[in-house]
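1. turn this into a model:
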Amino acid sequence: MRLPTVLGPDEVRQILIQMRGVTRLLALLLYGSGMRLMEGLTLRVKDLDIGRGEIVIRRGKGAKDRVTVLPDMLRVPLADQIERVRGLHARDSARGLHAGWVTMPSALDRKYPQAGRSLQWQWVFPSARLHVDAATGRVYRHHLHESALQRAMAEAVRRSGVTKRATCHTLRHSFATHLLERGADIRTVQELLGHRDVSTTMLYTHVLNRGGLGVRSPADVAGFVELVSGLAD
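-> Numbers count the residues shown, from 1 in each chain. Okay, here's the model as predicted:
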């Protein structure tokens, strides 16, 4: 059994403070919701329910939909991000009928042929680049590429001084572990993460910040603390 790398809350803070702009927002969202990297990158405007504080994740791992938490602290930043997407989409659409498109799941593209040009289907985290489909002439805007956040995360870890090998997926591991540390029910965490089997979620109980097996060391409870001061002698 390989245990996941988990960051402490202070380590998460040390890393994310090194990030800026949309990459920090996305990294905060991954940590605050437990989403996988590609789940965060492929969010559509319609998937965010800022009023209810929920995120609907469509066709996650195993092609299943689920709901996870939208952090209260990100309600305003995400609303601002949607307004940026609205402005970007308006400028794209003004280029003509062939512009302003995003890719759609194939079945829905056939059923709702104009939906790919609507605001609700736009990516929450769009790419800066446009792509022209040679077959149709349509101008598409894809979502932010995963390498953009991966590079930003790697650089932030390096600059933070955190010595653990942390990646974007480490934020998901940390989300789960921190919820369990705060007393969340493991079945709830299982649903938020989208695990098919609770045994997968149980893995995080092995890395809770309470010692190797979830117990306190006897050295911590038997009055030995005064001996620490003599270790440097």
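
2. what's the single longest strand in this structure?
-> Criterion DSSP state E: the longest strand present in the chain is strand 126-132.

3. what's it packed up against?
-> For strand 126-132, the packing partners by 3 or more Cβ pairs under 8 Å, 6 or more residues apart in numbering; DSSP states H and E come out as helix 75-93, strand 139-143. C-beta here means a position set from N, CA and C on the backbone, and glycine is covered the same way.

4. got these as JSON lines, with mean pLDDT columns?
-> Converted to JSON lines, the helices and strands packed on strand 126-132 look like this (pLDDT from 0 to 100):
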{"stretch": "helix 75-93", "mean pLDDT": "96"}
{"stretch": "strand 139-143", "mean pLDDT": "95"}
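
5. relative to Arg24, which of the ones you listed is closest?
-> helix 75-93 (9.3 Å; Cβ to Cβ).

6. am I right that Ile55 is in contact with Asp47?
-> Yes - between Ile55 and Asp47 a contact is recorded at 6.2 Å, counting by Cβ atoms under 8 Å.

7. the more surrounded of those two?
-> Taking neighbours as other Cβ atoms under 10 Å, Ile55 and Asp47 compare with Ile55 leading, 27 against 20.

8. ok so, going back, and the average pLDDT for the longest strand of the chain is what?
-> For strand 126-132, mean pLDDT rounds to 94.

9. residues of that strand that come out buried?
-> Neighbour-count burial for strand 126-132, counted by 16 or more other Cβ atoms under 10 Å, picks out Pro126.

10. next: stretch 68-82.
-> When burial is assessed from 16+ other Cβ under 10 Å, stretch 68-82 yields the following buried residues: 68, 70, 74, 78, 81-82.

11. now do stretch 2-19: distance from first to last residue.
-> Terminal residues of stretch 2-19 lie 29 Å apart, using Cα to Cα, to the nearest Å.

12. let me see the mean pLDDT of that stretch.
-> Mean per-residue pLDDT for stretch 2-19: 91.

13. identify the residues contacting that stretch?
-> Residues outside stretch 2-19 that contact it (Cβ atoms under 8 Å, 6 or more residues apart in numbering): 24, 27-28, 31, 152-153, 155-157, 159-162, 164-166, 170-171, 173-174, 177-178, 203-204, 206-207, 209.

14. quick check on these: which are buried?
-> So, by 16+ other Cβ under 10 Å, the buried ones in those are 24, 27-28, 31, 152-153, 156-157, 160, 162, 166, 170-171, 173-174, 177-178, 203-204, 207.

15. from Arg182, how far out is the closest residue to His142 other than its chain neighbours?
-> Of all residues not flanking His142 in the chain, Ser127 sits nearest, at 4.7 Å (Cβ to Cβ, 6 or more residues apart in numbering). Going from Ser127 to Arg182 by Cβ to Cβ, to the nearest Å gives 36 Å.

16. what does Glu155 give?
-> To Arg182, Glu155 is 30 Å away according to Cβ to Cβ.
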